[in-house]
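1. how would this look folded up:
(one chain, ligands or ions: 1)
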Amino acid sequence: MSEIVEPPKKKYISPSQLGTFENCGEAYRRRYIEKEIIPPGVAALRGGSVHKGAEMNFLQKIESKIDLPRKDIIDKAAAEFDGRMKLEGLFLDPEAAARGKDIVVGEEKDITVRLAGLFADEVAPVYQPITVEEKIRIELPDSPRDILGILDMTAQIIVDPARGTGVVDYKTGKKTKPQSDFDKSSQISLYDLAYRAKNGGKAPDFLQVEQLIDLKKGPKRVTNVTTRSLPDFKATVARVNSMIEGLEKGAFMPTAPGSWNCSARWCGYFSTCRFVNSERKAAAEAQE
Ligand code: SF4
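-> Numbering: from 1, shown residues only. Next comes the predicted model:
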């Protein structure tokens with residue numbers, strides 16, 4: 001009897017991989033080709049933990065149509081914060097390391113709890129989720145790779161169901177991001193395309209981002225509504241094609257030396273990066 005051999009799964013790129021590649025090809029190479037995985041920084045740890053609390057709430061709300069108690073959402077986010085830090089460690093930039101790990105971890109956990117509370121108070125009651133953390137593959141028949149998008153959520157707005165079903169993404173931070181960040185985001189363009197791929201070409205009725213921001217005067221929610229049209233998709237597809245071509249050829253352009261992200265604060269590869277000026281590297285190390 002002949003054995004059935006499954007064809008190998010086609011490789012893919014994800015919106016977050018495109019984001020890393022856009023920021024720095026070298027950082028992408030080290031993360032995804034060399035598999036040098038740096039522990040999450042405080043921002044990623046905080047954001048992922050609040051996300052987990054939101055995910056737990058909305059997953060059960062698909063059926064129950066009721067939000068979980070505020071305390072349960074906060075507890076889930078706090079437990080995720082502790083668990084991930086234990087499992088994956090924590091990357092501290094030189095400034096944070098100088099302040100002391102325990103102090104920074106304590107502050108960030110407090111922020112996680114505040115933002116999970118803000119989510120429970122102001123974001124959770126707004127939406128009736130349809131899907132949560134759904135993986136959608138956008139097939140690119142003539143390309144060596146597909147795109148795999150994971151949508152935070154597709155949902156309806158409870159007080160305004162006439163707005164239809166849209167895609168909702170969450171962001172956490174300490175500063176309010178401007179509207180233009182979301183209007184230009186390749187990742188959001190890919191979420192829109194993923195939604196269309198799943199729904200026979202139909203566009204989402206809305207695309208919006210819920211920002212949960214920990215300001216000095218207290219936590220604040222900002223909702224950014226954005227849209228996409230054909231020129232956005234053309235630009236994003238050109239970027240995806242350029243990235244796939246780069247991956248196939250093994251071409252990984254480092255970011256420009258003056259870029260905001262090319263620093264000990266923002267890049268975990270900075271201290272070992274061959275594309276960084278050694279004098280600058282020494283100066284950064286002296287600050288540690
Ligand atoms: S240090 Fe700069 S060039 Fe090197 S990986 Fe990081 S961002 Fe890229």
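2. for the residue of the stretch 101-250 of the chain found nearest the ligand, report the pLDDT, please.
-> Closest approach between the stretch 101-250 of the chain and the ligand, counting by C-beta to the nearest ligand atom: G246, at 14.2 Å. In short, each C-beta sits where N, CA and C put it, glycine included. Predicted confidence (pLDDT) for G246: 93.
3. against which helices or strands is whatever helix or strand it lives in packed?
-> Assigned by DSSP states H and E, G246 belongs to helix 230-249. With contacts taken as 3 or more C-beta pairs under 8 Å, 6 or more residues apart in numbering; DSSP states H and E, helix 230-249 sits against strand 11-13, helix 15-23, strand 145-157, helix 186-198.
4. next, the angle from it to helix 15-23.
-> Relative orientation of helix 230-249 and helix 15-23, computed by axes from the mean of the first three to the mean of the last three C-alpha atoms, to 10 degrees: 80 degrees.
5. next, the angle from helix 230-249 to helix 186-198.
-> Interaxial angle, helix 230-249 versus helix 186-198 (the same axes, to 10 degrees): 100 degrees.
6. what comes up buried for the helix of greatest length in the chain?
-> Longest helix in the chain, counting residues (DSSP state H): helix 42-64. By 16 or more other C-beta atoms under 10 Å, the buried positions in helix 42-64 come out as 42, 44-61.
7. got the angle for that helix vs strand 145-157?
-> Using the same axes, to 10 degrees: helix 42-64 against strand 145-157 is 60 degrees.
8. who does helix 42-64 touch, helix- and strand-wise?
-> Going by 3+ C-beta pairs under 8 Å, 6+ apart, helix 42-64 lies up against helix 70-88, helix 101-118, strand 127-138, strand 145-157, strand 165-173.
9. compare those and give me the one nearest S271.
-> Evaluated over the helices and strands packed on helix 42-64, closeness to S271 peaks at helix 101-118, with 17.3 Å, by C-beta to C-beta.
10. so what touches stretch 154-171?
-> Residues from elsewhere that reach stretch 154-171 (C-beta atoms under 8 Å, 6 or more residues apart in numbering): 47, 50-51, 54, 58, 119, 123, 125-131, 134, 151-153, 177, 188, 191-192, 195, 204-212.
11. pull out the buried residues from the residues you listed.
-> By 16+ other C-beta under 10 Å, these give 47, 50-51, 54, 58, 119, 123, 126-127, 129, 131, 151-153, 188, 191-192, 195, 204, 206-212 as buried.
12. which residues of the stretch 1-150 of the chain lie near the ligand?
-> 24, 26-27 (C-beta under 6 Å from any ligand atom).
13. let me know whether my guess that E210 is in a helix holds.
-> No - read with DSSP: H, G, I helix; E, B strand; the rest coil, E210 is strand and lies in no helix.
14. tell me how far it lies from E63.
-> With distances taken as C-beta to C-beta, to the nearest Å, E210 is found 22 Å from E63.
15. could you list the low-pLDDT ranges of the stretch 51-200 of the chain?
-> For the stretch 51-200 of the chain, no stretch is flagged by pLDDT under 70.
16. tell me the most buried of the helices and strands packed on helix 230-249?
-> Most buried of those by mean neighbour count (mean count of other C-beta atoms under 10 Å) is helix 186-198; its value is a mean of 22.
17. by how many degrees do that helix and strand 165-173 diverge?
-> Relative orientation of helix 186-198 versus strand 165-173 (the same axes, to 10 degrees): 150 degrees.
18. just the CA trace of helix 186-198, in PDB.
-> Presented in PDB, the C-alpha positions along helix 186-198 are these (Å, rounded to 0.1, in the frame of the first residue of the first chain):
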ATOM      1  CA  SER A 186       0.900  48.000   6.700                       C
ATOM      2  CA  GLN A 187      -0.200  45.600   9.500                       C
ATOM      3  CA  ILE A 188      -3.700  47.100   9.500                       C
ATOM      4  CA  SER A 189      -3.900  46.900   5.700                       C
ATOM      5  CA  LEU A 190      -3.100  43.200   6.000                       C
ATOM      6  CA  TYR A 191      -5.800  42.700   8.600                       C
ATOM      7  CA  ASP A 192      -8.300  44.300   6.200                       C
ATOM      8  CA  LEU A 193      -7.000  42.000   3.400                       C
ATOM      9  CA  ALA A 194      -7.200  39.000   5.700                       C
ATOM     10  CA  TYR A 195     -10.900  39.800   6.500                       C
ATOM     11  CA  ARG A 196     -11.700  40.100   2.800                       C
ATOM     12  CA  ALA A 197      -9.900  36.800   2.100                       C
ATOM     13  CA  LYS A 198     -12.100  35.100   4.700                       C
END
